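Trainee: coords below, sequence missing:
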């Protein structure tokens, strides 16, 4: 990727041993991984860089890594795409727009390989991530994968991002119905649109309630996606509740 300047940092490929070691350490720290089985190999990052993958980061003037993302070339029956495995931002650096810059840097790498689509996954219960992916970037939630990481608790929504410039967030819209916490995990229809309520924040939600909520959200996604709708937005309906909006493929 070409280098880009930011407010006190530079965006660049992580193409040195030192930056890759920082990335591996930051990965463990942010996700709280103590088990070495969940570490990130610097040699993997080098392999990705040398084979069309993305390993991009924001580095400050002192050479400290503030955030990074990595991804790989991928393909399925519909053709090729770039899969973004993770984006990691150091504590204290949220709110600087680094996540968006990293995704844009990955998109530049993807275009350089001739790819015109990106995909990545996120936890559907984390409303702030859903909002960023759907409403800020304009990606579209097309697939729901139960137990994505085969660990028993990793349901994920897989989004697709059009890199040809046609990916635009849908116009902001609120449901006519005013959901509250008792609607969490519930779905309803308003005209052609589908709606699904989730907590705006998971803090304070007990384990049993979280498991029940995940089951309901899984059923809701499967129902709407099975009807040919896609997840296009996730916005707050009130301080405690967010709502997903599902629309037809070409709806605005």
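Mentor: Sure thing, it's come through. Values in this document were obtained by computation on a predicted structure and should not be read as measured data.
Trainee: which parts of the stretch 101-250 of the chain are helices?
Mentor: 127-131, 207-226 (DSSP state H, counting those that start in this stretch).
Trainee: mean neighbour count, those helices: which tops it?
Mentor: By mean neighbour count, with neighbours taken as mean count of other C-beta atoms under 10 Å, helix 127-131 ranks first of those at a mean of 19. Glycine gets a C-beta too; all of them are placed from N, C-alpha and C.
Trainee: follow-up on the earlier one: so which of the helices of the stretch 101-250 of the chain gets nearest residue 170?
Mentor: Residue 170 sits nearest to helix 127-131 of all the helices of the stretch 101-250 of the chain, at 12.3 Å, using C-beta to C-beta.
Trainee: follow-up on the earlier one: save the helices of the stretch 101-250 of the chain as CSV, and put in mean pLDDT and distance to residue 183 too.
Mentor: Formatted as CSV, the helices of the stretch 101-250 of the chain follow (pLDDT from 0 to 100; distance: least, C-beta to C-beta, whole Å):
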stretch, mean pLDDT, distance to residue 183
helix 127-131, 97, 14
helix 207-226, 97, 10
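Trainee: distance to residue 31 for those - can I get that in TSV?
Mentor: Formatted as TSV, the entries for these read as follows, by distance: least, C-beta to C-beta, whole Å:
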stretch	distance to residue 31
helix 127-131	14
helix 207-226	18
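Trainee: of these, which is nearest residue 57?
Mentor: Closest approach to residue 57 among the helices of the stretch 101-250 of the chain is made by helix 127-131 (19.6 Å; C-beta to C-beta).
Trainee: what's the burial count for the nearest residue to residue 223 once chain neighbours are set aside?
Mentor: In this structure, residue 223 finds its nearest non-sequential neighbour in residue 187, 6.5 Å apart by C-beta to C-beta, 6 or more residues apart in numbering. Burial of residue 187, expressed as a neighbour count using other C-beta atoms under 10 Å, amounts to 18.
Trainee: and what of residue 17?
Mentor: Under the neighbour criterion other C-beta under 10 Å, residue 17 is assigned a count of 11.
Trainee: contacts only, for it.
Mentor: Shown in contact with residue 17 (C-beta atoms under 8 Å, 6 or more residues apart in numbering): residue 42.
Trainee: distance check, it against residue 86.
Mentor: Distance, residue 17 to residue 86, by C-beta to C-beta, to the nearest Å: 20 Å.
Trainee: so residue 106 makes contact with residue 53?
Mentor: No - the pair formed by residue 106 and residue 53 falls short of the contact definition of C-beta atoms under 8 Å, at 9.4 Å.
Trainee: what's the overlap in contacts for the two?
Mentor: Between them, residue 106 and residue 53 have residue 71 as joint contacts when contacts are counted by C-beta under 8 Å, 6+ apart.
Trainee: which residues touch residue 82?
Mentor: Applying C-beta under 8 Å, 6+ apart as the definition, the contact partners of residue 82 turn out to be 54, 71-74, 106-107, 109-110, 113, 115, 117-119.
Trainee: one more time with 10 Å
Mentor: The contact partners of residue 82, by C-beta atoms under 10 Å, 6 or more residues apart in numbering, come to 52-54, 71-74, 106-107, 109-113, 115-120, 161, 163.
Trainee: is it true that residue 249 touches residue 141?
Mentor: No - shown here, residue 249 and residue 141 do not form a contact pair, counting by C-beta atoms under 10 Å, at 12.0 Å.
Trainee: show me which of the two is the more surrounded one.
Mentor: Between residue 249 and residue 141, counting by other C-beta under 10 Å, residue 141 is the more crowded of the two (26 against 10).
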